[in-house]
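Novice: Okay, predicted coordinates and the sequence, questions at the end:
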Amino acid sequence: MARLLRPFGRVVTYTRLLHLFIAIVWPSLWLFVEEAWWTWVAAAAVLVPVGLVPAMRTVEGLQARLLLTAHGHDGKGTGIVVAPSASWGDRARLVVWLEARLLLGCATALSFARLLLTSVDLVLSVLGRDVGEGALPFLDGRSPWHLLLLPPVLVALAVTVVVPGRVVSALAPRLLGPSPAERLAALEERTEQLLERNRIARELHDSIGHALTVAVVQAGAARAAGDPAFTDRALGAIEETGRAALDDLERVLGVLRESERPVGSRPTLADAGRLLDSARASGAEVDAELSGPLDTLPGPVSREGYRILQEALTNVLRHAGAVPVRVRVEAAGGALALEVRNPLPAGAVRSGRGSGLRGIRERAALLGGRARTGVDDGDWQVHAELPLH
């Protein structure tokens, strides 16, 4: 019983009814001029050119969001758009919506008024008052037996209050919802947002993760060495790496704050020497071989190559420590080849499923290249190939 009565305690039940009644206000005014059936036909005909006006979808969409849903004017999750009609298909659906709303509103208003008057007549009849012929042909005079007719009439009245509102609410997303083209545009926009968020997550992971790894390794080495000169060098390396990380962080936060702001100057493979020096300062024995026109690489390839190299060296310092590292970067034959190899520590097992390694593979895939990570001849290897065109 409580479930059946719950709709009558919700405001949206009555705003839906109001939404239907609003649709018949202006056609009802014609009845004061001439009470005839053709007035409703004329009203239905007028709605056709009205529905072809693009701005009408905005008006109907806002009204439907406000009165038919419990979400308010923001309309999140309603499936009802407020943009003007962009195609003839949108206009046709709006015409159908206006006609359906007029028809349903007319039927609801007539049923509601008739049932309400009938229930009043039944109550008056039970109270012993004479009533004329009402909504029911046999309802005349007075009789206590009319009390038996009151419950079904009240149930019908309750149905009239709730059901038409639910019907029009179910029609709204179908007739006022986005068209296939609008759904595709929204999906593309959502995809772009997810790609941008994913890219920013990779940027933060690589730059901040590298800086923290270098700082931790340097601080641990300085404490273990007990050499003031080494400690000074370690502190210098930590300071330099921290400054670079702060620059990266400020750039990424700037992109987040201002969506139209350009990405700005991101590090490229021309700055690879900074990464190699940082790794060497952390104790790794880096054997680097860089060949080819790295200074003239396409911007996206050079930037993503830098991040791949940064993540690979970060993983070496984090998981292997101060070990020999072989770095090969070569731009030739229309592709950039990048390889980082280091011996695995005793007993170390690497799955290749970390977020950083996944980011390496994602970066390569976005540029149409490929990357593989894993154990090769007893070494841990990161190998990436990025096309230059």
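Specialist: Yep, that arrived. Numbers count the residues shown, from 1 in each chain.

Novice: which regions of the stretch 51-200 of the chain lie under the pLDDT threshold?
Specialist: 70-77, 128-146, 187-188, 191-193, 195-196 (pLDDT under 70).

Novice: in it, which spans are helices?
Specialist: For the stretch 51-200 of the chain, the helices defined by DSSP state H, counting those that start in this stretch cover 55-68, 88-126, 150-176, 180-225.

Novice: now swap in the stretch 201-350 of the chain and tell me
Specialist: Using DSSP H, counting those that start in this stretch, helices in the stretch 201-350 of the chain cover 228-257, 272-281, 299-315.

Novice: Ala384 is nearest to which of the ones you listed?
Specialist: Smallest distance to Ala384 across these (Cβ to Cβ): 5.2 Å, for helix 299-315. C-beta coordinates here come from the backbone N, C-alpha and C atoms, glycine included.

Novice: Could you tell me the angle between that closest one and helix 272-281?
Specialist: Following axes from the mean of the first three to the mean of the last three Cα atoms, to 10 degrees, one obtains 0 degrees for the angle between helix 299-315 and helix 272-281.

Novice: Just give me the neighbour total for Thr39.
Specialist: Neighbourhood size, Thr39 [other Cβ atoms under 10 Å]: 16.

Novice: Spell out which helix or strand contains it, please.
Specialist: For Thr39, the element it lies in under DSSP states H and E is helix 38-51.

Novice: Need the contact partners of that helix.
Specialist: Applying Cβ atoms under 8 Å, 6 or more residues apart in numbering, the contact partners of helix 38-51 are 26-27, 30-31, 33, 56, 91, 94-95, 97-99, 102-103, 106.

Novice: Deepest in the core, which of the helices of the stretch 201-350 of the chain is it.
Specialist: helix 299-315 (a mean of 23; mean count of other Cβ atoms under 10 Å).

Novice: For Arg370, list each beta-bridge partner.
Specialist: With DSSP bridges as the criterion, Arg370 is bridged to Glu385.

Novice: I'd guessed it sits against Ile360; true?
Specialist: No. Look at Arg370 against Ile360 with Cβ atoms under 8 Å: they stay out of range, at 10.5 Å.

Novice: Which one of those two is surrounded by more residues?
Specialist: More crowded of Arg370 and Ile360, by other Cβ under 10 Å: Ile360, with 28 against 13.

Novice: Need the three-state assignment for that one.
Specialist: helix (DSSP: H, G, I helix; E, B strand; the rest coil).

Novice: which residues touch it?
Specialist: So Ile360 contacts Ile308, Glu311, Ala312, Ala371, Thr373, Val382, Ala384 (Cβ under 8 Å, 6+ apart).

Novice: about what we covered before: quick check on the contacts of helix 38-51: which are buried?
Specialist: By neighbour count, with 16 or more other Cβ atoms under 10 Å, the contacts of helix 38-51 hold Pro27, Met56, Arg91, Leu94, Val95, Trp97, Leu98, Glu99, Leu102, Cys106 as buried.
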